[in-house]
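[1] curious how this folds, go ahead:
(one chain, ligands or ions: 1)
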Amino acid sequence: MAKPVNGFSKLSKEEKVNWLAEHHFKNKEEGIRILHQYLNEDTKLQSLHDDFIENTISNFYLPLGIAPNFLINNTYYTIPMAIEESSVVAAAGKSAKYWQQRGGFKTTVLGTEKIGQVHFMYHGDTGKLHTFFKGIKPKLLKATEDITENMRKRGGGISSIELRDKTNSLPGYFQLNCTFETLDAMGANFINSCLEAIAKSFKEEAQDFTDFTTEEKNIEIVMSILSNYVPNCVVKAEVSCPLADLNDDKGLSGKEFAEKFIRAIAIANAEPHRAVTHNKGIMNGIDAVVLATGNDFRAIEAGAHAYAAKEGSYKSLTHAKIEDGTFYFWIEIPLALGTVGGLTSLHPLVKLSLEILDRPSAKELMQIVAVAGLAQNFAAVRSLITDGIQKGHMKMHLMNILNQLGATDKEKEYFVNYYRDKTVTHSGVISEFEKIRK
Ligand code: MEV
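    Here you go, the predicted model:
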């Protein structure tokens, strides 16, 4: 059972580990051994990892896999994916191959606008607030000049500041809605620093605005923070091919396959329970590339799901149609990504992942990530409407089950052959394992 502790962050790494062992591990030596096993022998590298967060006691690995053969806008990409789920990289590779033979993926960045807001309370005359804002807007921009200087030199910076009256949703609530162009940076720190400077200046200027009463001058800044909902930082990725070329090894004609596929998406649009799982499959591909490239997958997840609900109910992030004998399948998704700053210049594997992708700009990365999501969804829906998901999924999961059972290499080889033409089930593997061990 956990015990409260004071000053934990002040303890050395060894002291933290000992505290953990004392209070949480059944087998202290074994727990400490595992934590040590995952530490990097290279002390410089370990100290880099230690400094990413507070209270680092070890490292937590995920496999880094590679999905080759992604033809995107007529250029080949080899995509690095950091993920633990057995079938994701295999599915990405399969989709890449499938669409490579049908013209590849086409992508377009529809916008790169980021958003941040200063949320504040004001209970006075709204007209006066608007007049005040109009007058001081240039000063708000001036207050951020030091922060935005480098970004402006490269063509980015603050694109707009707008006063929004939100009092219909919450009495007294207004906001400064700011938009940004952050180029190749994800821009979270840049945006938040700008917003805090804007908020400070806004509050100070209010003191000198003579039309305000003493009460009106008392604007309460509640918070200044970027928004992870970026509906104008959106990328589209699509595939298409004539129905006849969709012919499959699954016993369906191209037309039958396309119609069933479209129906599967219609079901996701009609039923949020299905849509959440459908989009989870998309995020399998998206998160894996986002993680490998050192981006913030929580921000991407939050923004993507909000976008999926933008029409008032939660829907599929992908779409499909048949038009003039051609099957079209596409995704539109907000992706605020960076290829400079943050972990991108710190984490050695992130740097290498970006090198594998030929050092993409943020816009290029948006396109690659959207393709990974679309490819993943294609593979999942294709399996679901034909063989079912378990055939491929459990085949990839087989090694996990065998590792749990402590199988030898020889036994693993036996099982791979055994399941070549059968569907893997957990209980089936266990009973066959017991049989051969006997
Ligand atoms: C599993 O991680 C993802 C799927 O459930 C996605 C889907 O159902 O579309 C297979």
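[2] show me what from this protein comes close to the ligand.
    Within the chain, the positions lying close to the ligand (CB under 6 Å from any ligand atom) are Glu85, Thr277, His278, Lys280, Gly281, Asn284, Ala380, Val381, Leu384, Ile389. No exception for glycine: its C-beta is placed from N, CA and C like everyone else's.
[3] between the residues you listed, which is closest to the ligand?
    In terms of CB to the nearest ligand atom, no member of these lies closer to the ligand than Gly281, at 2.6 Å.
[4] would you list the residues of the chain next to the ligand in a markdown table and tack on pLDDT and neighbour count?
    Formatted as a markdown table, the residues of the chain next to the ligand follow (pLDDT from 0 to 100; neighbours: other CB atoms under 10 Å):
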| residue | pLDDT | neighbour count |
| --- | --- | --- |
| Glu85 | 94 | 16 |
| Thr277 | 98 | 13 |
| His278 | 98 | 25 |
| Lys280 | 98 | 15 |
| Gly281 | 98 | 24 |
| Asn284 | 98 | 23 |
| Ala380 | 97 | 25 |
| Val381 | 97 | 23 |
| Leu384 | 95 | 16 |
| Ile389 | 81 | 15 |
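[5] tell me which of those residues fall in helices.
    Thr277, His278, Lys280, Gly281, Asn284, Ala380, Val381, Leu384 (DSSP state H).
[6] check the residues you listed and tell me the two furthest apart.
    Using CB to CB, those span at most 13.6 Å, a distance reached by Asn284 and Leu384.
[7] which helix or which strand is home to Asn222?
    No, residue 222 isn't Asn; it's Val. strand 220-227 (DSSP states H and E).
[8] for that strand, packing partners?
    Contact partners of strand 220-227 among helices and strands, from 3 or more CB pairs under 8 Å, 6 or more residues apart in numbering; DSSP states H and E: strand 114-121, helix 188-208.
[9] in TSV: those, plus mean neighbour count and mean pLDDT.
    Listed next are those as TSV, based on neighbours: other CB atoms under 10 Å; pLDDT from 0 to 100:
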stretch	mean neighbour count	mean pLDDT
strand 114-121	22	98
helix 188-208	19	98
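[10] now the ones you listed as TSV including distance to Val289?
    Putting the helices and strands packed on strand 220-227 into TSV (distance: least, CB to CB, whole Å) gives the following:
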stretch	distance to Val289
strand 114-121	20
helix 188-208	19
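[11] give me phi/psi at the spatially most distant residue from the centre of the chain?
    Within the chain, the residue lying farthest from the chain centre (CA atoms, centre = their mean) is Thr210, at 47.1 Å. With angles defined as degrees, to the nearest 10, Thr210 sits at phi -70, psi -20.
[12] same question for Asn177.
    Torsion angles, degrees, to the nearest 10, at Asn177: phi -90, psi 120.
[13] residues in a beta bridge with it, which ones?
    Applying DSSP bridges to Asn177 gives these bridge partners: Gln117, Glu162.
[14] pretty sure it contacts His119?
    No. Between Asn177 and His119 there is no contact under CB atoms under 8 Å: 9.8 Å.
[15] could you list the single helix or strand in this structure with the lowest mean pLDDT?
    helix 390-405 (a mean of 86; mean pLDDT, DSSP states H and E).
[16] could you report the neighbour count for Gln376?
    30 (other CB atoms under 10 Å).
[17] and it, what does it touch?
    Neighbour list for Gln376: Val88, Ala91, Ala92, Ser95, Gly281, Ile282, Asn284, Gly285, Ile286 [criterion: CB atoms under 8 Å, 6 or more residues apart in numbering].
[18] and Phe378, by the same measure?
    By CB under 8 Å, 6+ apart, the residues touching Phe378 are Ser95, Tyr98, Trp99, Val239, Phe329.
[19] ok but it is inside a helix, no?
    Yes. Under DSSP: H, G, I helix; E, B strand; the rest coil, Phe378 falls within a helix.
[20] Three-state assignment for Asp248, please.
    Secondary structure, three-state DSSP: Asp248 is coil.
[21] and of the helices and strands packed on strand 220-227, who's closest to Glu271?
    Proximity to Glu271, assessed across the helices and strands packed on strand 220-227 by CB to CB, is greatest for strand 114-121 (30.3 Å).
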